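In: need a 3D model of the sequence below.
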Amino acid sequence: MTRKSRQSEIERIFKEHYREFCLLSYCYVSCMDQAQDIVQDVFLAILTRKDTSEMLNFKGYIWISVKNASIKSLERSIKMKPILKDVLALPYLEETEIENRQLGQKLQQALDKLPHQCKNVFELCVIDGQKYDYAANHLGISKNTVKTHVKKAYKVLRDSLIVL
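Out: The predicted model follows:
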C-alpha cells in the first residue's frame, strides 16, 4: 500500500468512525471535549508518522491508540487533581495576603491622618476593645467626647476606604 493510499484509508476511517472513537474515549475520560481532542491527536499522530507500513489493520490500531491515549489522559488527570487543587489555592491565598496587607497599610495611613486625640480614642476603644468609660478616664476626657471621637474616626476611615 502506498503512502497516499494509506493516508486516504486513515482519512476514510476518521470520517466513518470518528464518533465511535470519541465515544470510546468518552467512556474513559467522561468529557466529550477532551475525548474529541484525544481522538484528533491520535489521528494527527498517525498521519504525521513517516512509517505506517507495519500497520496492517488501521481501524484496530486506531482503536487501541485511542483507548491507550484515553487511559493516559485519565491517569494524568488523576495525578494532577491534588496538584491542581494546591496550585489553584496558592494564588488565591497569596492574592488575599497581598490584598490584606495593602488594606492594612491603607487603614494605617487613614488612621495616621486622624487628629492625635481622635486616633488615641479609636485605638483604645475599637482596636484594643476598651470601654468608653475606661478611655474617658485614661485620657481625662468625658464619655461623650470619646463617643464623638469614635464616630468621627469611623467616618474618616469609611470615607478613606470607600475610594478603594
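
In: how many neighbours does residue 101 have?
Out: If you count neighbours by other CB atoms under 10 Å, residue 101 ends up with 10. For every residue, glycine as well, the C-beta is placed using N, CA and C.

In: now do residue 117
Out: 13.

In: all helices of this structure, in order?
Out: Counting by DSSP state H, one finds helices in the chain at the ranges 3-29, 32-48, 58-113, 116-122, 132-139, 143-162.

In: and the ones you listed, which one averages the lowest pLDDT?
Out: Lowest mean pLDDT within the helices of the chain: helix 58-113, a mean of 76.

In: now that one against helix 143-162, angle please.
Out: Compare the direction of helix 58-113 with that of helix 143-162 by axes from the mean of the first three to the mean of the last three CA atoms, to 10 degrees and you get 140 degrees.

In: just checking, what packs against helix 58-113?
Out: Helices and strands touching helix 58-113, as assessed by 3 or more CB pairs under 8 Å, 6 or more residues apart in numbering; DSSP states H and E, comprise helix 3-29, helix 32-48, helix 116-122, helix 143-162.

In: give me that answer again for 7 Å
Out: helix 3-29, helix 32-48, helix 143-162 (3 or more CB pairs under 7 Å, 6 or more residues apart in numbering; DSSP states H and E).
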